[in-house]
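Asks: All I have is the shape, not the residue letters:
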C-alpha cells in the first residue's frame with residue numbers, strides 16, 4: 001500500500017538498533033550506468049518470464065483504498081492483489097486495506113469494481129476481498145502453488161503496482177525460506193519467503209510466482225539497511241519478503257466465511273534459549289523459550305506459568321519457566337513456538 005497519508009505504507013521491519021528499514025520513492029537519475037541489461041538478462045529465460053507475465057498479469061489488480069470524510073472520500077493509499085477464483089475473491093495484505101471505508105479494484109483491461117472485505121488475518125497480514133463474479137468473468141485466476149516446495153535459488157517473479165505503476169514485473173530468486181517477520185500485531189509471521197526480486201511500496205499484496213506461474217507467496221515487506229541506503233537506488237541492497245502461500249491456502253475457507261481469524265494467545269513475553277543464556281541461567285535444557293513476563297488474566301497466567309522478569313541490565317534472571325514443546329513437538333525458538341501455535345488457528 002502506498003499513498004499520501006501513509007507515505008511508507010509497505011510493511012517495514014527492523015534487524016537491530018543499528019539497522020533500520022526505510023522506504024522512499026526511488027528516483028532514477030545519474031548513478032545507474034553500472035548495471036548493464038545483459039547482466040540481468042543472463043539470469044533468467046526471457047521468453048519464460050514474458051509468457052508467465054502474459055498469463056498471470058490480468059489476474060493481478062490495483063487496490064485503491066479510500067477513507068470517508070463527511071460527504072466525500074479521500075485517498076488513503078493503494079496496493080496490489082490477485083484473483084484466486086472465478087467467484088471474484090481477491091487476496092491482498094491486511095495492511096493494504098486496514099482503515100478503508102471504500103475499496104476500489106482496477107483491472108489490467110481498464111475496468112474497475114468496488115470490493116467488500118470478507119475475512120482478515122492480521123497475524124499473517126492477509127485479507128480477502130470480494131467483487132462480483134461478472135467483473136472477473138473474462139479473467140483467469142492465478143493458481144496457488146506450494147510454498148513448502150520453495151528452495152533458495154529458484155526463480156521468483158513479483159507482479160504488482162509499485163508506486164502506483166500497475167502491471168509492473170520484477171524478477172529474481174528465492175533467497176531464503178522459513179524466515180520470520182513481525183506482523184502489525186508484533187507477532188512473528190513464520191515460514192516467510194525471502195527474495196531479491198525488487199519489491200517497493202505498492203507491491204504489497206501482489207503475488208510472488210514460481211517458474212510455472214503459480215503463487216508461492218504474497219509480497220508484504222522490504223528491508224533496507226540505513227548504512228547502505230541511497231534514495232536513488234532503493235533496489236540495491238533491499239530484501240523482499242512474502243507471506244508463504246500455504247498459510248493462505250490453510251486459511252482461505254475461513255476467510256471466505258467472513259471471519260476475522262485471530263491467532264492463539266498465551267499472554268507471555270519470552271526469549272529463545274541460546275547457549276549463552278542456557279549457561280548464564282544454569283539450565284538443564286538446551287532448547288525452548290524462557291518465560292520473562294506473564295500478562296495478568298492471560299491463559300499463561302491461569303495455568304500458572306512463572307515469569308523470570310528482567311534484571312536492571314535487561315537480561316532475564318533465574319527462576320522462569322521454560323516451554324520446551326507444544327503437542328509433543330520441540331520448541332526451538334520464539335518463532336517456532338508461534339509457528340506451532342498457528343497450527344491451531
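Replies: Received it, and whenever you're ready, just let me know what you need. Quick caveat: nothing in here was measured; it's all calculated off a predicted structure.
Asks: Quick one: residues contacting the residue nearest the centre of the chain.
Replies: With distances taken as CA atoms, centre = their mean, the residue of the chain nearest its centroid is residue 220 (3.4 Å). Each residue near residue 220 by CB atoms under 8 Å, 6 or more residues apart in numbering is listed here: 10, 11, 93, 95, 125, 181, 204, 205, 241, 242, 243. Bear in mind the C-beta positions are built from the backbone N, C-alpha and C, glycine included.
Asks: need the contact list for the closest residue to residue 263 other than its chain neighbours.
Replies: Leaving out its chain neighbours, the residue that sits closest to residue 263 by CB to CB, 6 or more residues apart in numbering is residue 123, at 4.0 Å. When contacts are counted by CB under 8 Å, 6+ apart, residue 123 touches 183, 185, 187, 189, 261, 262, 263, 342, 345.
Asks: Mind giving me the packing neighbours of the strand ranked longest in the chain?
Replies: In the chain, ranked by residue count with DSSP state E as the criterion, the top strand is strand 168-182. If contacts are counted by 3 or more CB pairs under 8 Å, 6 or more residues apart in numbering; DSSP states H and E, strand 168-182 sits against helix 46-56, strand 155-160, strand 188-195, strand 215-223, strand 239-244.
Asks: What residues of that strand count as buried?
Replies: Going by neighbour count (16 or more other CB atoms under 10 Å), the buried part of strand 168-182 is 168-175, 177-181.
Asks: Pairing partners for that strand, with directions?
Replies: strand 155-160 (antiparallel), strand 188-195 (antiparallel) (DSSP bridges).
Asks: Of those strands, which is nearest residue 102?
Replies: Closest approach to residue 102 among the strands paired with strand 168-182 (CB to CB): strand 155-160, 20.7 Å.
Asks: ranges for the strands of the stretch 1-150 of the chain?
Replies: Under the criterion DSSP state E, counting those that start in this stretch, the stretch 1-150 of the chain contains strands at 11-12, 60-69, 72-83, 89-92, 102-106, 112-121, 126-130.
Asks: What average pLDDT does the shortest one get?
Replies: This means strand 11-12. Mean per-residue pLDDT for strand 11-12: 34.
Asks: Where does pLDDT dip in this protein?
Replies: 1-43, 224-237, 312 (pLDDT under 70).
Asks: can I see the domain layout of it?
Replies: 11-57+143-256, 58-136, 268-342 (automatic domain parsing).
Asks: contacting residues for the residue lying farthest from the centre of the chain?
Replies: For the chain, the C-alpha farthest from the mean C-alpha position belongs to residue 282; by CA atoms, centre = their mean, that distance is 37.4 Å. Counting by CB under 8 Å, 6+ apart, residue 282 makes contact with residue 318.
Asks: List the contacts of the residue lying closest to residue 148 once chain neighbours are set aside.
Replies: Leaving aside its sequence neighbours, residue 148 sits nearest to residue 246 (CB to CB, 6+ apart; 5.7 Å). Residues counted as contacts of residue 246 (CB under 8 Å, 6+ apart) are 146, 147, 148, 191.
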